[in-house]
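# fold the following and give me the result.
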Amino acid sequence: TDHTILDTVLFPGTGFLELAWAAARALGASTVESLTLRTPLVLGERGAVRVQVSVEAPDESDRRALSIYGGVEEEAGDAPWVLHATGVLSDAVADLSEEFEELAAWPPSGAEPVDLSGFYEGLEAHGLHYGPAFQGLVEAWRSDGVIYGRVELPEGVCETAPAHGVHPALMDAALHSLVAASAGEDAPTEGVLLPFEWSEAALYATGATEARVRLELEGLSG
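Model (predicted):
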């Protein structure tokens, strides 16, 4: 991966969500009810990282506790596993039909375009480097406190999409809309929002190479 934050190469947070979805599908659960990142997973320049996903038996509400651990492969025999994320799997699915209907028309009705010129260069200036595979935000629009985005997987990555629920690079690009929302019509200049917690994350389709995004932030003006 080429996903560097403050000169540290990290396993993308969306990768943990992908692992949680994979566990949910394997166990017949429909939703990652919650997922919280506890400790970043740092990727070294050499060697591999081992990842372990642990899911407990269902409780009386058919909810399953989830834990994701990581360890350096060369040290796995001696070093302890590090807890990187915890969460809950369940069968509850939120009704998002209205939001899906709103995204059927593109661009969104009445929305104003956000200028993304120099967008990733602006992130670079804040110490966040996203390699070509992660530079997928191609459009952003604003309307009444809502930010809309269109994201694409670049050429050379699309063929790997069927192997994922949602390709982590596509999901990561979708979350870049948060930056567009907080920065308004300019490149980011006052810090960057990095999500560390998800809730009610349900997967309705798999293998996408393009996605439309709708984000609403509390306190975001139109």
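# pLDDT below threshold where in this protein?
Screening the chain residue by residue with the criterion pLDDT under 70, one finds the ranges 1-12, 44-47, 73-79, 181-194, 218-222.
# tell me the SS of the nearest residue to S90 once chain neighbours are set aside?
For S90, the nearest residue in space outside its immediate sequence neighbours is E33; the separation is 4.2 Å by Cβ to Cβ, 6 or more residues apart in numbering. No exception for glycine: its C-beta is placed from N, CA and C like everyone else's. Classification of E33 into helix, strand or coil gives strand, according to DSSP: H, G, I helix; E, B strand; the rest coil.
# heads up, I number from 523, so please use that
Sounds good: first residue 523 from here, last item E555.
# where does A662 sit, in terms of helix or strand?
For A662, the element it lies in under DSSP states H and E is strand 659-665.
# next SSE after that strand?
Taking DSSP H and E as the definition, the helix or strand that follows strand 659-665 towards the C-terminus is strand 668-674.
# between that following strand and strand 659-665, how big is the angle?
Between the axis of strand 668-674 and that of strand 659-665 there is an angle of 160 degrees, by axes from the mean of the first three to the mean of the last three Cα atoms, to 10 degrees.
# parallel or antiparallel, which strands does strand 668-674 pair with?
Looking at strand 668-674 with DSSP bridges, its paired strands and their directions are strand 659-665 (antiparallel), strand 732-738 (antiparallel).
# got the angle for the helix or strand following it vs strand 659-665?
Secondary structure here is assigned by DSSP H and E; on that basis, the next helix or strand after strand 668-674 toward the C-terminus is helix 690-697. Our comparison of helix 690-697 with strand 659-665, counting by the same axes, to 10 degrees, yields an angle of 30 degrees.
# could I get the buried residue list for the strand holding A662?
With burial defined by 16 or more other Cβ atoms under 10 Å, the residues of strand 659-665 counted as buried are L659, E661, A662, W663, R664.
# what does that strand contact?
For strand 659-665, the surrounding residues in contact (Cβ atoms under 8 Å, 6 or more residues apart in numbering) are 629-630, 632-636, 638, 641, 669-674, 695-696, 698-699, 702-703, 706-707, 744.
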